[in-house]
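Participant: Sequence unavailable; structure follows:
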């Protein structure tokens, strides 16, 4: 499966989060510890916000550990809000349009997990995407379809509700086709202001997800730890350091919001449209 990180807080160079921690995202691309696949080498992507209303995005199909452009750019890009993703392909070819994050206007979206039986229900899921979003679909992954379904079901107005309706719809279609436990997902989402994350699976056995406990937990990320404010947090597929107290596991079936320098948890329950 894939690995990802989302960061909000004191501006840092992306390189500090992606390359420098002892178990950085780049290290996880070769040696993931909490994933079904140790190697995540089927492409990568980063998305970040600065002064524009829409994010910058850089993606490629090379393994993250072997891309000199990623290393060079991450040493120059400084941001207070960004997401990054490394891919282990389950559905869809290894091509740039299938790499995360997926973006639309001010939104960024990353996913770890799968829609079981995706090839059997892909057509129905695609046809449910609203016309105003359908033409924006570029790739062939279940992840991108989930993103545009969430927008179709109102994510722009209410993130938790839009994701819940998307998940409920996927489960409904899957069950109609006799697919047991159709959905497995950990999601990282940003609207350019806040971060949102979801940990959920139909079987209630979701992929790992953690968030930092406080700013001190991020000292391993940046060599200038004293400048990281207490309003700084990261959400990760697996901890970036071996400090047990630095990372809190996100409970099963949870929706997490990082806004105004605080972490908020609420129970996540899919809603049938």
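Facilitator: Noted; the coordinates are in hand. Owing to the predicted nature of the structure, the values given are computational and were not obtained by experimental measurement. Numbering: from 1, shown residues only.
Participant: Quick check: longest strand in this structure by residues?
Facilitator: When the chain is parsed with DSSP state E, its longest strand is strand 3-13.
Participant: on contacts alone, who are the packing partners of that strand?
Facilitator: Applying 3 or more CB pairs under 8 Å, 6 or more residues apart in numbering; DSSP states H and E, one finds that strand 3-13 contacts helix 14-18, helix 25-31, strand 78-86, strand 107-115, strand 183-190, strand 195-201, strand 233-236. For every residue, glycine as well, the C-beta is placed using N, CA and C.
Participant: Where does the closest residue to residue 94 other than its chain neighbours sit: helix, strand or coil?
Facilitator: Distance criterion CB to CB, 6 or more residues apart in numbering; nearest residue to residue 94, sequence neighbours excluded, is residue 42 at 4.8 Å. Three-state call for residue 42 (DSSP: H, G, I helix; E, B strand; the rest coil): coil.
Participant: And for residue 42, the neighbour number?
Facilitator: 23 (other CB atoms under 10 Å).
Participant: try residue 198
Facilitator: 26.
Participant: That one: what's its closest spatial neighbour, skipping adjacent residues?
Facilitator: Using CB to CB, 6+ apart and skipping the chain neighbours, the partner closest in space to residue 198 is residue 187 (4.3 Å).
Participant: Same check on residue 59?
Facilitator: residue 45 (3.7 Å).
Participant: Downstream of the helix or strand where the one you found lies, the next helix or strand is which one?
Facilitator: Remark: residue 45 resides in strand 44-49, with elements defined by DSSP states H and E. Next along the chain after strand 44-49, taking DSSP H and E as the criterion, comes strand 56-60.
Participant: quick one: residue 54 and residue 48 touch, right?
Facilitator: No: Residue 54 is beyond contact range of residue 48, at 10.9 Å (criterion: CB atoms under 8 Å).
Participant: Quick check on those two: which one has the bigger neighbour count.
Facilitator: Each of residue 54 and residue 48 has its neighbours counted (other CB under 10 Å); residue 48 has more, 22 against 14.
Participant: In terms of pLDDT, where does that one sit?
Facilitator: At residue 48, the pLDDT value in this model is 98.
Participant: before we move on, what about residue 244?
Facilitator: Taking residue 244 on its own, its pLDDT is 69.
Participant: how big is the angle separating the longest strand of the chain from strand 183-190?
Facilitator: Calculated by axes from the mean of the first three to the mean of the last three CA atoms, to 10 degrees, strand 3-13 forms an angle of 10 degrees with strand 183-190.
Participant: tell me which residues in strand 3-13 are buried?
Facilitator: 3-10, 12-13 (16 or more other CB atoms under 10 Å).
Participant: How about stretch 46-54?
Facilitator: Buried, per 16+ other CB under 10 Å, within stretch 46-54: 46-49.
Participant: what stretches of this protein score poorly on pLDDT?
Facilitator: Counting by pLDDT under 70, the chain contains low-confidence ranges at 1, 32-37, 40-41, 89, 91-92, 215-227, 244.
Participant: This completes my enquiry, with thanks.
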